[in-house]
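> turn this into a structure:
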Amino acid sequence: MSAIIVPLGVRIHTVHVRVKPARLWQEAVNAACPDTFPNKILRDVGSCYPPTDTDEVEEDLVLLNYPEGNGSWEKALAWSSEKGLKNTAPREVFAVGEQHPNLNRILAINPMYVVSTAECVIGDGRRACCVWWYASDRQAGFELLNYFGRSVGWFAFRKPVKP
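As a prediction, this is how the structure comes out:
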């Protein structure tokens with residue numbers, strides 16, 4: 001894959017993570033987002049994202065941000081498709097929260113969130129999991145897709161594995 005050209009009005013940042021796809025849902029949420037409230041709907045949607053039999057993988061994730069707040073779910077997915085990037089599962093975004101607890105300070109955005117690009121249709125509509133950074137707190141969320149694209153948000157995509 002060649003270098004990613006950043007379009008005007010977009011920010012990208014790459015993070016390296018070790019992901020445990022077989023990790024139990026609650027364990028993954030707690031490790032990444034220790035400040036998440038116990039009654040959040042996110043705690044009940046693990047069945048939408050079952051664990052796999054893979055123990056641990058290392059990945060580079062590309063985070064995409066629209067600093068003017070003019071992004072959207074559809075716009076971000078179209079951009080990633082053009083660049084040959086893959087969607088991320090929630091455990092990948094939870095790995096970002098766990099392994100990069102000061103990402104908001106590094107990116108100089110507070111509060112901020114990173115959203116997984118795997119959606120789940122449940123109850124009132126299409127949703128996705130995200131990790132929020134509020135100063136030193138990290139909380140998990142499960143929001144409707146039209147929520148994403150704000151200036152404080154970063155969409156997470158996986159670089160393809162080299163053959």
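
> off-centre distance for the helix or strand where residue 63 lies?
Following DSSP states H and E, the helix or strand that holds residue 63 is strand 57-65. Taking CA atoms, centre = their mean, to the nearest Å, the mean C-alpha location of strand 57-65 is offset from the chain mean by 9 Å.

> for that strand, packing partners?
For strand 57-65, the packing partners by 3 or more CB pairs under 8 Å, 6 or more residues apart in numbering; DSSP states H and E come out as strand 11-19, helix 73-82, helix 90-99, strand 153-158. C-beta coordinates here come from the backbone N, C-alpha and C atoms, glycine included.

> wait, residue 141 sits on residue 130?
Yes - between residue 141 and residue 130 there is a contact at 4.7 Å, judged by CB atoms under 8 Å.

> shared neighbours of these two, which are they?
Residues touching both residue 141 and residue 130 (CB atoms under 8 Å, 6 or more residues apart in numbering): residue 113.

> higher neighbour count, the two?
With other CB atoms under 10 Å as the criterion, residue 141 and residue 130 differ in neighbour count, and residue 130 comes out ahead with 27 against 18.

> what residues are bridge-paired with the more buried one?
Beta bridges link residue 130 to residue 115, residue 141, judged by DSSP bridges.
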